[in-house]
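S.K.: Have a look at this fold, sequence not included:
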């Protein structure tokens with residue numbers, strides 16, 4: 001019995017010893033090895049795409065009557081200033097530096113405080129770098145631009161313009177929306193409670209928004225009807241279409257100016273505001289501030305641009321063999337607008353005024369069909385080409401996705 005216990009104890013002891021040896025053999029190599037350190041590069045602090053971790057940077061604005069020489073005189077030699085002014089004009093003419101423009105001086109942190117770079121910002125994105133480190137080098141570069149897809153919405157209380165202002169939205173988005181819907185929505189017949197929602201692109205640089213850009217999709221709900229717009233590219237060109245793939249572009253715009261109101265409609269009998277006698281008014285009057293841009297209703301050739309009796313400064317455009325449009329009481333004409341020139345749809349041709357027989361600033365707008373006056377507000381205009389059959393499946397898939405984000409609850 002004792003012998004059996006002794007044998008059992010011996011086996012157990014041997015097992016324990018072997019286990020200890022194995023464990024020691026396992027851990028010792030690793031404990032004696034040096035730890036492996038992965039080489040993760042340090043994140044560099046970049047300004048104007050330059051590493052400035054060990055440099056000083058000073059920002060400034062071009063002062064009145066200041067130029068490149070007056071800015072750099074204290075920092076680099078006159079010979080260097082003359083050299084870069086004359087030798088880099090093809091890239092950037094330093095005489096184009098303007099008051100208020102932003103610039104930066106980047107210097108070494110040592111006691112010499114040597115000027116290594118001078119940067120002049122051409123705009124929010126592009127800039128010119130003057131590198132003085134070794135040999136003089138001048139080049140153009142740009143900041144990283146970040147694009148974000150955003151959404152915005154609003155309810156009409158008085159006008160589209162005010163709706164954007166009330167919601168603190170970029171009014172340029174409102175202008176873009178009005179441009180796209182110009183052929184389908186009557187923005188002069190909006191009602192309180194009409195609403196819109198849009199998905200658009202916004203661009204920023206270093207966290208600062210520099211512009212709102214293309215509207216990708218939107219819905220405009222007016223008088224119980226929903227109007228959609230979707231941006232889609234085919235054959236390398238982008239355009240706007242409704243949810244059925246029909247183009248939103250028409251041969252004629254809905255109106256020849258933006259953000260005004262109708263002060264007088266098409267009528268066969270109206271009391272003239274100055275003559276005080278009944279006279280037909282074969283047009284639409286748009287009340288708008290003096291100087292408001294007036295655009296061509298559609299492509300066409302200018303038949304006349306000059307003073308025309310009670311109409312004052314007046315422009316007439318022939319669009320095709322059927323339609324002609326006229327614009328009266330202008331304050332002035334756009335440069336280059338004269339008889340015989342070709343104008344494109346939406347091109348500025350003049351500015352709202354009160355010339356001729358007029359009681360106030362407005363545009364008298366008329367359309368003639370085969371020489372006979374027709375109500376501009378009832379003008380039917382054919383659409384441009386729809387989505388091509390080969391692109392329809394892709395377009396419909398995009399519409400379904402966008403509608404989920406657009407539909408107003």
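M.R.: Done, it's in. Note that the coordinates shown come from a computational prediction; the quantities given were computed from them, not determined experimentally.
S.K.: so residue 113 touches residue 75, yeah?
M.R.: No - between residue 113 and residue 75 there is no contact, the gap being 9.1 Å when judged by C-beta atoms under 8 Å. For every residue, glycine as well, the C-beta is placed using N, CA and C.
S.K.: can you list residues touching both of the two?
M.R.: residue 107 (C-beta atoms under 8 Å, 6 or more residues apart in numbering).
S.K.: of the two, who's got more company?
M.R.: Neighbours per residue (other C-beta atoms under 10 Å) separate residue 113 from residue 75, with residue 75 holding more: 17 against 10.
S.K.: show me where pLDDT drops low in the stretch 251-400 of the chain?
M.R.: 259-260, 263, 265-279 (pLDDT under 70).
S.K.: in its sheet, what does whichever helix or strand residue 152 is part of sit against?
M.R.: Under the criterion of DSSP states H and E, residue 152 resides in strand 145-155. Partners of strand 145-155 in the sheet, by DSSP bridges, are strand 195-205 (antiparallel).
S.K.: The helix or strand following the partner strand packs against which elements?
M.R.: Counting by DSSP H and E, the element after strand 195-205 in chain order, helix or strand, is strand 208-222. If contacts are counted by 3 or more C-beta pairs under 8 Å, 6 or more residues apart in numbering; DSSP states H and E, strand 208-222 sits against helix 171-180, strand 195-205, strand 225-234, helix 392-406.
S.K.: Return the angle between stretch directions for strand 208-222 and helix 171-180.
M.R.: Strand 208-222 and helix 171-180 are oriented at 40 degrees to each other (axes from the mean of the first three to the mean of the last three C-alpha atoms, to 10 degrees).
S.K.: Show me what counts as buried in strand 208-222.
M.R.: 210, 212, 215-222 (16 or more other C-beta atoms under 10 Å).
S.K.: same check, this time on stretch 370-386
M.R.: 373-374, 376-377, 379, 386.
S.K.: cool, and stretch 81-89?
M.R.: 81, 84-85, 88.
S.K.: ok, now stretch 108-124?
M.R.: So stretch 108-124, judged by 16+ other C-beta under 10 Å, has buried residues 115-121, 124.
S.K.: cool, and stretch 92-110?
M.R.: Going by 16+ other C-beta under 10 Å, stretch 92-110 has these buried residues: 92, 94, 97, 101, 103-107.
S.K.: List just the nearest of the residues you listed to residue 203.
M.R.: Residue 203 has its nearest neighbour among those in residue 101, at 20.7 Å by C-beta to C-beta.
S.K.: Now the closest one: closest residue in space that isn't a chain neighbour?
M.R.: Spatial nearest neighbour of residue 101, excluding adjacent residues (C-beta to C-beta, 6 or more residues apart in numbering): residue 62 at 4.3 Å.
S.K.: And this protein, what are its domain boundaries?
M.R.: 46-142, 146-241, 261-378 (automatic domain parsing).
S.K.: show me where pLDDT drops low in the stretch 1-150 of the chain?
M.R.: 1-45.
S.K.: ok so, going back, could you check the angle helix 392-406 makes with the strand holding residue 152?
M.R.: Using the same axes, to 10 degrees, strand 145-155 lies at 60 degrees relative to helix 392-406.
S.K.: Do a quick rundown of the strands in the stretch 301-409 of the chain.
M.R.: Taking DSSP state E, counting those that start in this stretch as the criterion, the stretch 301-409 of the chain carries its strands at 313-318, 323-333, 342-343, 348-352, 362-369, 372-374.
S.K.: helices or strands next to the longest one in the packing?
M.R.: Using 3+ C-beta pairs under 8 Å, 6+ apart as the contact criterion, the secondary-structure elements in contact with strand 323-333 are strand 300-307, strand 313-318, strand 348-352, strand 362-369.
S.K.: closest to residue 283 out of those?
M.R.: strand 362-369 (3.6 Å).
S.K.: quick one: the closest one to chain centroid distance?
M.R.: 31 Å (C-alpha atoms, centre = their mean, to the nearest Å).
S.K.: Flag every buried residue along that strand.
M.R.: 362-368.
S.K.: what's around residue 206, how many residues?
M.R.: Applying other C-beta under 10 Å, we find 11 residues neighbouring residue 206.
S.K.: wait, isn't it in contact with residue 143?
M.R.: Yes - because the distance of 6.6 Å satisfies C-beta under 8 Å, residue 206 is recorded as touching residue 143.
S.K.: nearest spatial neighbour of the residue nearest to the spatial centre of the chain, skipping sequence neighbours?
M.R.: Nearest to the geometric centre of the chain sits residue 213, at 2.5 Å (C-alpha atoms, centre = their mean). Sequence neighbours aside, residue 201 is the residue nearest to residue 213 in space, at 4.3 Å (criterion: C-beta to C-beta, 6+ apart).
S.K.: Would you convert the helices and strands packed on strand 208-222 into TSV that also reports mean neighbour count and distance to residue 317?
M.R.: Listed next are the helices and strands packed on strand 208-222 as TSV, based on neighbours: other C-beta atoms under 10 Å; distance: least, C-beta to C-beta, whole Å:
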stretch	mean neighbour count	distance to residue 317
helix 171-180	18	19
strand 195-205	18	31
strand 225-234	17	27
helix 392-406	14	34
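S.K.: And those: which comes nearest residue 189?
M.R.: strand 225-234 (11.9 Å).
S.K.: what residues does the closest one touch?
M.R.: 180-181, 184-185, 214-221, 238-243, 248, 387-388, 391, 395, 398-399, 402-403, 406.
S.K.: Throw the helices and strands packed on strand 323-333 into JSON lines and include distance to residue 147, thanks.
M.R.: Formatted as JSON lines, the helices and strands packed on strand 323-333 follow (distance: least, C-beta to C-beta, whole Å):
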{"stretch": "strand 300-307", "distance to residue 147": "37"}
{"stretch": "strand 313-318", "distance to residue 147": "38"}
{"stretch": "strand 348-352", "distance to residue 147": "29"}
{"stretch": "strand 362-369", "distance to residue 147": "38"}
